[in-house]
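[1] Here is my input, please return the structure:
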Amino acid sequence: MGLDALPRPVAVVVGAGGVLGAAHVGVGHALEQRGFRPDMIIGTSVGALNGAIAAAHPDRAAPWLEHVWTELRRRDVYQLGFPSSRASIFTDRGLRRLIARAGLPSRIEELAVPFTAVAMDLVTGAPALLDHGDLESALLASAAIPGILPPVDREGRTLVDGGMTAYVPVLAAMRAGAASVVVVPTGPESSPLPATTPPRRAGAIAARVGLVLMHRQIERDLREVSRRLPTVVLPTGTDVWPAPWDFRHSRRLIDAAATTAGRFIDGLRVSGPGLYRAEEAPAEPAATERDPGAPTVTRWPSNLTAARAGL
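    Here you go, the predicted model:
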């Protein structure tokens, strides 16, 4: 009773993570290779970009995304504007070019799979669920990292990156009518918090607080949804992540996610509402590959199974 046993409609929820979104592509390979097709896709930030492409080209998005991600460089996304803007450091010209190359329709309603991009209303702080209308502006709004990329004015609201309020938008999936959820997360925010000595430097303290707050938001939302729906969290196979502006690790992130998510899916057993996620890594993993400057990638044992959390 694996993914095929999930009650319909089933939503794929694609989380935020910037450059870490390369891991989404590996998970997409695992899902496509097993013939899985969702009834709806909900995405935040980079998850909205990847999710929209998957919604436009179901069953064949992963190979195209893999090509894009392995060729992508920082200057393709983060481009300085002239004259400079008071609203952001970079312009959204790079993102507009990427969206234009993806072969997407002009409106959200024209996608092959129902799709929602999640942004945040800058005035109220509430999530903005963008499930109709202009697709380009919805994707730009969902990915508008505050201070880094410009806010988007849409339908009378000023919108910014949805990861600020829904890093993993499972609540939006439940509100959209999903009967079960498959989560494609990324980044340290979605993993168990590592034990650490309390930092002493200002930057490290701020980073730790941000990580803790985001982790608590994700866990709170997962537990709320999993009390009512089967909620499957797919692993990515990466325990040390690159810097959010470093695109050089895309190949490694894709390969690790494809292998680890595939093994997890093959061992998955679903038996009703609950939170289904990978067990903790063993003390001595089967194999760990490293090269200088690359993230650690753990190859999990072949007998990896899903753990159902008691709620």
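
[2] residue ranges of the strands in the stretch 201-311 of the chain, please?
    230-233, 274-278, 287-289, 297-299, 306-309 (DSSP state E, counting those that start in this stretch).

[3] Mind telling me which of these the model trusts least?
    Across those, strand 297-299 has the smallest mean pLDDT, namely a mean of 31.

[4] May I have the phi/psi pair for S88?
    phi -160, psi 160 (degrees, to the nearest 10).

[5] Please report the distance of it from L149.
    Look at S88 and L149: by Cβ to Cβ, to the nearest Å, they are 5 Å apart. Backbone N, C-alpha and C define where each C-beta goes, glycine included.

[6] So if I had to pick from those two, which one is more boxed in?
    Per other Cβ atoms under 10 Å, whichever of S88 and L149 has more neighbours is L149, with 25 against 18.

[7] Was I right to think the more buried one contacts D92?
    Yes - with contact defined as Cβ atoms under 8 Å, L149 reaches D92; the gap is 5.4 Å.

[8] list the residues that contact both of those two?
    L140 (Cβ atoms under 8 Å, 6 or more residues apart in numbering).

[9] and the end-to-end length of stretch 51-64?
    13 Å (Cα to Cα, to the nearest Å).

[10] residues making contact with that stretch?
    12, 14, 25, 28-29, 31-32, 37, 41-43, 65, 102-105, 111-115, 117, 135, 139.

[11] Narrow the residues you listed to just the buried residues.
    12, 14, 25, 28-29, 31-32, 41-43, 65, 102, 104, 111, 113-115, 117, 135, 139 (16 or more other Cβ atoms under 10 Å).

[12] among those residues, which are in helices?
    V25, G28, H29, L31, E32, L65, L135, L139 (DSSP state H).

[13] Of these, just say which sits nearest to T231.
    L31 (15.8 Å; Cβ to Cβ).

[14] which residues do S88 and L149 both contact?
    What both S88 and L149 touch, as defined by Cβ under 8 Å, 6+ apart, is an empty set.

[15] circling back: now, among the ones in helices among the buried ones among the contacts of stretch 51-64, which is nearest to P7?
    L31 (17.4 Å).

[16] tally of neighbours for the nearest residue to E189 once chain neighbours are set aside?
    Leaving aside its sequence neighbours, E189 sits nearest to M214 (Cβ to Cβ, 6 or more residues apart in numbering; 4.2 Å). M214 has 19 neighbouring residues, counting by other Cβ under 10 Å.

[17] counting contacts, what elements does the strand ranked longest in the chain pack onto?
    Once the chain is assigned using DSSP state E, the strand that runs over the most residues is strand 115-121. Judged by 3 or more Cβ pairs under 8 Å, 6 or more residues apart in numbering; DSSP states H and E, strand 115-121 is in contact with strand 40-44, helix 46-56, strand 127-130, helix 135-142, strand 157-161.
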